[in-house]
Structure formats: C-alpha cells, structure tokens
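# How does the following fold in three dimensions:
(chains A and B)
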Number of protein chains: 2
Amino acid sequence: MAVRKVSEKTIRRLSHYAMCLRRARNDGVKVITSSFLSGRCGISAAAVRKDLAAFGDFGKQGSGYRVDGLLRNVELILGTCDPPPVIVVGVGNIGRALLESGLDGTGGYRYTAAFDADPDLSGEMIAGVRVLPLDEIGSSAGNITDTIAIVAVSAGHGQDAVDRLLKAGCRCILSFNLEPLEVPEGVSLRYVEVSTELDILTHSMKCGD
Amino acid sequence: MAVRKVSEKTIRRLSHYAMCLRRARNDGVKVITSSFLSGRCGISAAAVRKDLAAFGDFGKQGSGYRVDGLLRNVELILGTCDPPPVIVVGVGNIGRALLESGLDGTGGYRYTAAFDADPDLSGEMIAGVRVLPLDEIGSSAGNITDTIAIVAVSAGHGQDAVDRLLKAGCRCILSFNLEPLEVPEGVSLRYVEVSTELDILTHSMKCGD
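Down below sits the predicted model:
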C-alpha cells in the first residue's frame, strides 16, 4: 500500500503513540482512553483526540479506543508495519552501545549487520549481530536499497562511510557522527547530535526559559 | 549578559556554524566565506548570508568573514560562551559510550560526574570521570541548578532518575531513555530517540520521498 506523506511533526507524535500502544498491548491492555495516551506521551489531550479522530473510527471519547486496531492504523500511516532492516557502520563506543541496547519495543526494527574498518573486529558477534569488514558493505549486506544505515564511525571518516553506503544503493542514513555529510537528492539523511541538543538546553537555561 | 531567546530552528543552524567555525579555527583558518559555511553545514548559501548579516558586521560577501569574531558572536547568541557542566545518570551501554566519546569540539562542554545505581560501578573512572552512587546526586555533584543532566538508565528507571535530578535542582535534562518522562513547568526536557528517527526515515522510504 502506498503511504501518504505526513509532516515530521505528525510522524513524531504517531511514533510516540505507537510506542505507548505497544507497551499497553504487552501489558495486556485492550482498550485505552485519549487521556491515557496524552499522559504517557506528554501530548495535550486535545491534540491526541484530534489525531485519533483523524485516524478513523477506533472508538470514541468516553468509551475508549481499541489498542490493537489503533496501533495497526498508526503503523499503516507511519509505513512501519513491515519495518526495514537496520545496519550499523562503525562499532566504536556508540555503535557497540546501539547494538547492545537493541531495538526492542520499536515494532520490529532489528539490526541485521554491522561493519567496521578495524580488521581485528571482523567476525565478532555483538548482541547476535556479526561485525563485517567495511569493504563488504553492499555485498554481505545484500541489497541495501531498503535498509536504514546508522553511521557511527570515528570523527573524519563519516563521508567515506556514507559514500560506501550510497554506492551500495542505501537511501536512508542516520548519522551519529558530528561532521556534516553530503548526500545526493533523494537520499534521506538525519543526524542525532548530542552537542546541538546541549546547545538548545543551554540556550533555554541562559534565557531563563 | 542576558541571552535573547531565538527559535530552536535558528539555534540548530547556529550550533552547526559554531561547530564548523571551531574546526576551521583549529585548522588555523582566519577568514572564511559564506559558501564555505554553506557547504560544510549543508545549509543554503542564501540562508547563511542572511544569518551572518543578522549577527552584525563581521565581514562581507566576497571578502570573507573573520572566524574568531564570528564564532564569538555565534556563541554569545547561543549563550554557550561559558557552557554548563554535564553529568551522566546511568553508565550502561549508552552512558558509557557517551563518556568515552567525550565532548571535544563542542566549545567547552565537559562531563563532570556520572552516577549509577549499581554499587559495583562506584568509584570506577570512565574517560577521567568518576562514577558515583545514584544516591549522591545533589550532594557529590554540588549545586546542579546550572548543570545539564543526560539520563541513560535502564528501561523503566527513567522517571526515578529524573525525580532525583529535579529534587537536586536540575532544570535541563537530555533523555536517551525511550520512556516518556514527566517534569514540571520551567524544566527543559529533550529526548534523543533512535526509534523515532527510524520511523521518520522509514516513512520517507515508503513514501518514495
């Protein structure tokens, strides 16, 4: 099914709903209220009710919403019913921590391979995922056109890792490297940037926000 | 000096400029052009020029901008000239990786203490930072009113860690825990959420974006 594009802000809310709904389902909860989602997700009750109404007829205010049906529809809108595999490029501190933390509770994402330039790491298993040589991106990982790659290599090696991924057909990259990276149009690149988050928090502190 | 509040979108751009300017300064570069910043930060040249004009008279298009003066002013606007200390609560995979990766290149942020509930970890030094018992938040860390706390504890323990931080006066929290956390008004709380980033990338993949 084609997925209709929704804004990043909406995806972020839906992603939080999905996380809370999965947790509720795992706890054996069958029906939830909008105020339950509001409290768990830190989103105003009015915004939750507006979203739920937009998703279709899954229940109503007062009598509650069916967890299963609501989760399925949220995942349909997100396009995450059948989530893509995730590979990790660079198994230094951050890459290793990501692999060891795993992706439980994310609705089916899983790490399928890891790559590192250090030949000493080749063959090592980290939380059930084998580390492969960097050269094998695009061969061992199979077709990576529909794979998300997390880049967490040493400083200064980000662009090389990205270039290898692009050559292998990868179109979705999440970078933990602080350096700005270049990708052609049509490739989705996002950054997880601790230093920018610290700047945002510092700014709010200094503004007395 | 009081810092004037600017939007998160602008802070994000300024944070990237600061990072690129620090790198240029470390490389011995004295003067840069707007297209240099544009290329390094992945921000359009027009947007960079507009920002630079807004920051004051640091040079002009064609003849270039002084790296030192520009960086100082960007940091003044951000409020990061004298960045606050950063503590890490929870030294599992992610917390340890953050400490080991350090905060070089961020313009002076530094980890000053780490805390963990596991008594076996107490006293351990990670990249020069001592791990202290969780109970000591607010005593060993001194006054943490002007400290940023990174929360990276095990799943289900996030709110307890946050409650301890709030009790010790902390008002700026960056959470790597996936669970939604509750803080009173006036406390800044931000999340680094790998699973939401994966959802955003998957959505763009499925939309053929």
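# quick check: domain ranges of chain A?
Following automatic domain parsing, one finds the domains of chain A at A:8-78, A:86-196.
# most tightly surrounded among the ones you listed?
Stretch with highest mean neighbour count among the domains of chain A: domain A:86-196 (a mean of 19; mean count of other Cβ atoms under 10 Å in any protein chain shown). C-beta here means a position set from N, CA and C on the backbone, and glycine is covered the same way.
# ok so, going back, would you format the domains of chain A as CSV with mean pLDDT and distance to B:Ser122 included?
Below are the domains of chain A laid out as CSV (pLDDT from 0 to 100; distance: least, Cβ to Cβ, whole Å):
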stretch, mean pLDDT, distance to B:Ser122
domain A:8-78, 85, 31
domain A:86-196, 91, 21
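# what about A:Ala18, which helix or strand?
For A:Ala18, the element it lies in under DSSP states H and E is helix A:8-26.
# Dump the domains of chain A into TSV; add distance to B:Cys170 as well.
Shown next, in TSV, are the domains of chain A (distance: least, Cβ to Cβ, whole Å):
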stretch	distance to B:Cys170
domain A:8-78	18
domain A:86-196	17
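# Now tabulate those domains in a markdown table and tack on distance to chain B.
Output for those, formatted as a markdown table (distance: least, Cβ to the nearest Cβ, whole Å):
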| stretch | distance to chain B |
| --- | --- |
| domain A:8-78 | 4 |
| domain A:86-196 | 4 |
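# quick one, which of those is nearest to B:Val162?
domain A:8-78 (12.2 Å; Cβ to Cβ).
# Now the terminal residues of the closest one, how far apart.
10 Å (Cα to Cα, to the nearest Å).
# what's the answer for stretch A:182-196, then?
With Cα to Cα applied, stretch A:182-196 spans 19 Å between its terminal residues.
# Need the residues that contact that stretch.
Defining contact as Cβ atoms under 8 Å, 6 or more residues apart in numbering or on different chains, one finds that stretch A:182-196 is touched by A:159, A:162, A:166, A:170-176, A:178, A:181, B:11-12, B:15-16, B:19, B:42, B:98, B:103, B:105-106, B:109, B:150, B:174, B:192, B:194, B:197, B:200-201, B:204-205, B:209.
# now, which of the residues you listed lie within helices?
Among the contacts of stretch A:182-196, the ones falling in helices (DSSP state H) are A:159, A:162, A:166, B:11-12, B:15-16, B:19, B:98, B:194, B:197, B:200-201, B:204-205.
# hmm, which two among the residues you listed are most spread apart?
The most widely separated members of the ones in helices among the contacts of stretch A:182-196 are A:Leu166 and B:Ile11, with 29.5 Å between them, by Cβ to Cβ.
# before we move on, back to that, can you tell me which of the ones in helices among the contacts of stretch A:182-196 is closest to A:Ser63?
Of all these, A:Ser63 sits closest to B:Ile200, with 32.3 Å by Cβ to Cβ.
# what separates the residue lying closest to that closest one once chain neighbours are set aside from B:Gly39, distance-wise?
In space, and not counting its chain neighbours, B:Ile200 is closest to A:Ile11: 5.3 Å by Cβ to Cβ, 6 or more residues apart in numbering or on different chains. Computed as Cβ to Cβ, to the nearest Å, the A:Ile11 to B:Gly39 distance reads 29 Å.
# Next: A:Ile137.
Per Cβ to Cβ, A:Ile137 is found 25 Å from B:Gly39.
# go on, A:Ser7?
Taking Cβ to Cβ, one finds A:Ser7 at 28 Å from B:Gly39.
# try A:Glu193
As judged by Cβ to Cβ, A:Glu193 and B:Gly39 stand 18 Å apart.
# and what of A:Cys20?
Remark: distance between A:Cys20 and B:Gly39 (Cβ to Cβ) = 41 Å.
# Check A:Arg190 too.
19 Å.
# Over to A:Gly123?
A:Gly123 sits 39 Å away from B:Gly39, going by Cβ to Cβ.
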